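J.: Below are the sequence and a predicted model for it; my questions follow.
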Amino acid sequence: MTSPVSHLGVLVVIVPLLAAYCAELPWQAWRRASLRLATVTAAAVFGFCVLLAAQVMQKGALLYAIGGRPAPWGIEFLIDPVAAYLLLGLSGIFFLVALFAEDELEAEIGEAGLPHFSALYLLLEAALLGLVATNDLFNTFVFLEISAIAAVGLVALKNDRLSIEAAYRYLILSTLGSGAFLFAIALLYAVTGHLNLEYLKQALAPALASYPLSVAAALAMLLLGLMVKAALYPLHIWLPDAHAAAPTPSSAILSGVVVEAYALVLLKLVLHLFPAPVAASSAWRLPVLWASTAAIFAGSLAAIREDDIKKMLAYSTVSQVGYLLLGVGLLSRSGLLGSLLHVLNHAVVKAMLFLAAGAIIRSTGRRRVSEWQGVGLQAPLPAAAFAVGALSMVGIPPLNGFISKWYLSLGALEARMPLYLWVVLLSSLLNAAYYIPVVVRCFLTPARAGLKAPSRPASATAPLLVLALATLLMGLFPSVQLGLVGRTVAAWAAR
Amino acid sequence: MTELLGKLYHNGFYATAAILFLTGFYIVLADNHLIKKVIGINVMESAVFLIFVATGYVEGGRAPILTAPPGPGGYINPVPSALILTGIVVSVSVTAFSLALVSRIYQHYGTVDVDELARRRGPEP
Amino acid sequence: MILVLIGVALLGVAVELPPFGERAVPSWNEVARHYLDRSLNETGASSVVAGIITDYRGFDTLGEVTVLFTAVTALLVVLEGRSRP
C-alpha cells in the first residue's frame, strides 16, 4: 500500500484539487502562469489516468479504500475498466481544452479572470473524475455539488449581463436537482442504512419488499435530479443560454464533458444501484426513452432554427443527451455500449466543435452562421476541424459518431424496440440538416472581403488537430474502445 | 384511516419534511422574485436536512459523545448528523453564490423580478 | 395539480418509512454500531460524529471544504469589480 502507484486512484482527484488551491495565489505575475499550471496539472492527471488504465487492464477492477477505511465504514473508489476508460477520455479532453485556453482565453475574459478560470477548471476536473471513480452515494452528492458550483462559475466568467443571468438560472435548476438527489439519499439511507453503492444494492432488494413506495420515490428522485443536471429534454431549459454565454473553453468543457458526466452517473446508478426487478421495469425506462426521443428531435429542430453558432451547438448538445440516455433506457448490451461509446465520442467531437467555432469567431469576428461564407479559406484549420466534427455528428461512416449510432441502432433491435432504430436514423437526417449547410457555406462559397487572417500559435491549433485525429481514429479503430469496455458491459447486460 | 393518521402523526417529522420540501419546491418554481427563489431552495434543503437527521433519532437517545453517559435509549445514530454537517456547508455555499449572482443581476438590470427582467432585456437580438 | 400528486406521494412515503425514534429500523445497522463501538479506539475521538466526519468519511469533508473554496472563487468571479455592460 505504500508505493505511490497504489494511490493512483485517488491522486487523480487530489492532484487537481491541490493545483486549484495553488491557482488562486494572489500575485500579479501568477495570473498568466496559473493557466500554465492548469495545463500542466491536466497533463499530469492524464498521465495518471494512462497508468491507471494500464493497471486496470492488467489486474482487473481496482478498489481503493480512502484513508485506509474499507467500505461500508469509509468511502471507496471503484475503478473498473469502464471507469478507467472514461477517466482516460475525460482527462484527455480536459488537457487539450486547457492547452487551447492558454492562448484564447485572455481575449475573452481579461487577465484578472485567468486565475479564477484555472481554479474553477481544475475543481471541475477533480469533481468530474471523482464522480466517475467514486462508489459511494453521498460522496457522489458532494462531487455533484462541487461540479455544479464550478460549472456555474465557469459560465459566469464573462460577467456580462447575459452570462450572469444564464448562470443564475443554471445554478437554481441545478440546485433543485441536487435537492432531489439529497432527498433520495435520505430515503435510501432510512430504509437501508448504507451509502456504499455495493452494500446499498444488496440491502435494497429486501427493502423494496418492505418499503416499496419509499424506494420507488427515492429512485425516481435520483433519476429526476440527474436528468435536470444532464439537461434531458423538458428539463434542458437552462442549457442553451448557459453554454452559449460562457467563454469558448468553458463552453467546450460544459457541453463536451459536464453534461456527459451527469448522464454517466445516471447510467452508473441504474447499473450499480437499481435492484434487478426495478432496473428491468418499464416504469422508468419508458419515460426515459420518450424524453430521449423528444430531446433528440426537439434539440435538432431548435438547432436548425438557430443562427448563433454557439447556441446552435448548445441545442445540438440537448439532442445528443437524448442519444446518451436512449441507450440507458434500452438497457440492452449494444444499447449500453452505444451510450458509453457516445459519451466519449460526443465529448471529443463537441469539444472540438466548440473550440473550432471559438477560433473562427475569434479570427473573423462572426458569431452568426449565416455570415460564414468562405470562412474555410480565412481560417482553414479551425474550419476543417469544424467540418470533421460536423460530419461525425451527422454520423458519416469513418468517423466516430457513426460507431455510437451503429451500436445504439443495434441496441434498439436487441431490446426489440425497432421504433428507436427509426429515431436514430431519422435524427441523423435532422443533424445533417443543420450541420451540412454550415460546412458547405464555409468552404464552397466565396469569401467576403475584409477578413483578416491571423497566424495562430501552435498550442491553439494542436488541440484541434489532436481532437480531429481522435475523431477519425476512434471511428476507424472502434475495437480499441470495445476491447476496454466490451467485457464489462456484457457482464452488466447479463445481469 | 385512523391507523394511517396515527402513523402519520408518529412520523410527524417526516411528514413535516415532505410538506416543507414541497413548499420550497413551489416557491422556487412559482415565485417571480429572484431572492425568494433562493429562499425557496433553502427551505427545500432544510426539509431534506430535517428528514435526514430525523432518521437517526432514537427515543431517549443522547448525542453520541462517548465521554458522557448514554441516555435511557442509548446514543442516537451518528451517521445522519455527520452527513448533514456536510450538507449544510454545501447549502450555505450555494446560497452565497446565488445571492451574489442576484446582486449582479440587480446591478445590470435594476430589478429582481423575473417578468420585469424579461421586459428590460428586450426581445432576443 | 402535479404538486398535489407529489405531495400525496411524499406523505405516503412519510407514513411508510420506518417508525420514527425506534431502534429496530434498517438504518440502525452494523455500520452505525461499528462507529459507536469502535470509533473511540480507532480514531481517538470521543465525539462519534467528529470521528466520522474527520476520519471515516474524511474525504467527504475534504469535498465539503472544496465546495466552500469553489463558492468563494465563483463569488470572486462575480463580485470583483470588473463589470462590463
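T.: Received, thanks.
J.: ok now do residue A:79, which residues does it touch?
T.: Each residue near residue A:79 by Cβ atoms under 8 Å, 6 or more residues apart in numbering or on different chains is listed here: A:9, A:52, A:56, A:61, A:62, A:63, A:64, A:87, A:133. Backbone N, C-alpha and C define where each C-beta goes, glycine included.
J.: OK, contacts around the fifth one?
T.: Contacts for residue A:62 (Cβ under 8 Å, 6+ apart) come out as A:9, A:52, A:55, A:56, A:77, A:78, A:79, A:80.
J.: Those residues: which two are farthest apart?
T.: Greatest spacing in the contacts of residue A:62, by Cβ to Cβ: A:55 and A:78 (13.8 Å).
J.: So between those two, which is more surrounded?
T.: Per other Cβ atoms under 10 Å in any protein chain shown, whichever of residue A:55 and residue A:78 has more neighbours is residue A:78, with 21 against 17.
J.: A strand includes that one, no?
T.: Yes - assessed by DSSP: H, G, I helix; E, B strand; the rest coil, residue A:78 belongs to a strand.
J.: That one bridge partners, please.
T.: Beta-bridge partners recorded for residue A:78 (DSSP bridges): residue A:63.
J.: I figured it was touching residue A:60, is that so?
T.: No - Residue A:78 lies out of contact with residue A:60 (Cβ atoms under 8 Å); the separation is 11.5 Å.
J.: Once you drop chain neighbours, what's closest to residue B:52?
T.: In this structure, residue B:52 finds its nearest non-sequential neighbour in residue A:186, 4.1 Å apart by Cβ to Cβ, 6 or more residues apart in numbering or on different chains.
J.: Of the contacts of residue A:79, just say which sits nearest to chain B.
T.: Nearest to chain B among the contacts of residue A:79, counting by Cβ to the nearest Cβ, is residue A:133 at 18.6 Å.
J.: and the nearest residue to that closest one once chain neighbours are set aside, what is it in contact with?
T.: In space, and not counting its chain neighbours, residue A:133 is closest to residue A:77: 4.4 Å by Cβ to Cβ, 6+ apart. Contact analysis of residue A:77 by Cβ under 8 Å, 6+ apart lists A:9, A:10, A:62, A:63, A:64, A:66, A:133, A:134, A:135.
J.: tally of neighbours for residue B:119?
T.: Residue B:119 has 11 neighbouring residues, counting by other Cβ under 10 Å.
J.: Would you mind measuring from it to residue A:161?
T.: 14 Å (Cβ to Cβ, to the nearest Å).
J.: Equivalent analysis for residue A:266, please.
T.: 33 Å.
J.: out of these two, which sits in the more crowded spot?
T.: Neighbours were counted for residue A:266 and for residue A:161 using other Cβ under 10 Å; residue A:266 has more, 23 against 20.
J.: Next up, identify which helix or strand the more buried one is on.
T.: helix A:259-272 (DSSP states H and E).
J.: That helix and chain C, are they touching?
T.: No - Helix A:259-272 does not reach chain C (Cβ under 8 Å from any Cβ of the partner chain); its nearest approach is 15.0 Å.
J.: For that helix, output the C-alpha coordinates as CSV.
T.: Extracted in CSV, the C-alpha atoms of helix A:259-272 (Å, rounded to 0.1, in the frame of the first residue of the first chain):
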residue,chain,number,x,y,z
VAL,A,259,-23.4,17.1,-19.2
GLU,A,260,-21.9,13.7,-20.3
ALA,A,261,-20.6,13.1,-16.8
TYR,A,262,-24.0,13.6,-15.3
ALA,A,263,-25.6,11.3,-17.9
LEU,A,264,-22.9,8.8,-16.9
VAL,A,265,-23.6,9.0,-13.2
LEU,A,266,-27.2,8.2,-14.1
LEU,A,267,-26.0,5.2,-16.1
LYS,A,268,-23.8,4.1,-13.2
LEU,A,269,-26.6,4.4,-10.7
VAL,A,270,-29.0,2.5,-12.8
LEU,A,271,-26.5,-0.3,-13.2
HIS,A,272,-24.9,-0.4,-9.8
